[in-house]
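>>> sharing a model that was predicted from the sequence below.
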Amino acid sequence: MQCNPCNSLLFWQEDSGAKRNKPSARRVGIVGYGALGRFLVDAILADDSGLELAFVWNRSPAAIASDPRVAPYQLADLRDAPTWAPELIVEVGGMRAQFAI
């Protein structure tokens, strides 16, 4: 592991060999593809975002599979997240996810 300072924050990186579409971008994984998750994915996929989408996971996989822009980033099993080499994972579950029993 190596530590790279960026904007006074520390980002930890593992050299996983994951393919990068934007070499200098930070790889972000999104957990949750509701309204906020879609908003974040749209912002990350924007060419000028400075971020690269690593993966998207959702409890209901059909929501991701039905969006052709996002389907290639679909993570089937959350336990496999490290293999997609995210540098940041953002969990955007809604209220129902917080209180699910």
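Structure received.
>>> list the contacts of the residue nearest to residue 33 when sequence neighbours are not counted.
The shortest distance from residue 33 to any non-neighbouring residue, by CB to CB, 6 or more residues apart in numbering, is to residue 58 (3.9 Å). Heads up, the C-betas are built off the backbone N, CA and C, glycines and all. Taking CB atoms under 8 Å, 6 or more residues apart in numbering as the contact definition, residue 58 lies against 31-34, 37, 64.
>>> any chance of these in CSV, with secondary structure too?
Compiled in CSV, those are given as follows (DSSP: H, G, I helix; E, B strand; the rest coil):
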residue, secondary structure
31, strand
32, coil
33, coil
34, coil
37, helix
64, helix
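>>> residue 41 touches residue 31, doesn't it?
No - with contacts counted by CB atoms under 8 Å, residue 41 stays clear of residue 31, the gap being 11.5 Å.
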